[in-house]
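# Next input, structure requested:
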Amino acid sequence: MRTRPGICQRKKRFASEAEALAVAEKAPFHLRPYRCGLCGAFHLTSRTKGMKLPAFELARRRTKNG
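Next comes the predicted model:
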């Protein structure tokens, strides 16, 4: 799915994937970073279906389910 220009403009931009991951890890809900095809920066999304999840998210889900 491609990010629309209006959505890209409203989302926070992160210079690196590591910076976006640090913010996603602290969020109380599931987030993952992705590189935007429009601006080239990283944004965060809550969409995870069929996507590769960050290691901290996999651990969080194992702990919650286990």
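
# Give me the mean pLDDT for stretch 14-34.
Per-residue pLDDT over stretch 14-34 has a mean of 92.

# Buried by neighbour count: which residues of that stretch qualify?
By neighbour count on 16 or more other Cβ atoms under 10 Å, the buried set for stretch 14-34 is 14, 20-21, 24, 31-33. The C-beta positions use only the backbone N, C-alpha and C, and glycine is treated the same way.

# which one of those residues is nearest residue 39?
residue 14 (10.7 Å; Cβ to Cβ).

# quick one: contacts for that closest one?
Taking Cβ atoms under 8 Å, 6 or more residues apart in numbering, we find residue 14 in contact with 20, 23, 33, 41-44.

# if we go to 6 Å?
20, 42 (Cβ atoms under 6 Å, 6 or more residues apart in numbering).

# Ramachandran angles for it?
In terms of degrees, to the nearest 10, the main-chain angles of residue 14 are phi -120, psi 140.

# I'd like the buried residues of stretch 14-34 written out as TSV, with secondary structure added.
As requested, the buried residues of stretch 14-34 are arranged in TSV below (DSSP: H, G, I helix; E, B strand; the rest coil):
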residue	secondary structure
14	strand
20	helix
21	helix
24	helix
31	coil
32	strand
33	strand
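
# got TSV for these, with distance to residue 6 too?
Shown next, in TSV, are those (distance: Cβ to Cβ, whole Å):
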residue	distance to residue 6
14	19
20	20
21	25
24	22
31	20
32	21
33	20
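
# Looking at those residues, which is nearest residue 57?
Nearest to residue 57, judged by Cβ to Cβ, of the buried residues of stretch 14-34 is residue 32 at 6.8 Å.

# ok, of the buried residues of stretch 14-34, which one's closest to residue 58?
Relative to residue 58, the closest of the buried residues of stretch 14-34 is residue 32; by Cβ to Cβ it sits at 10.8 Å.

# Fine by me, thanks again.
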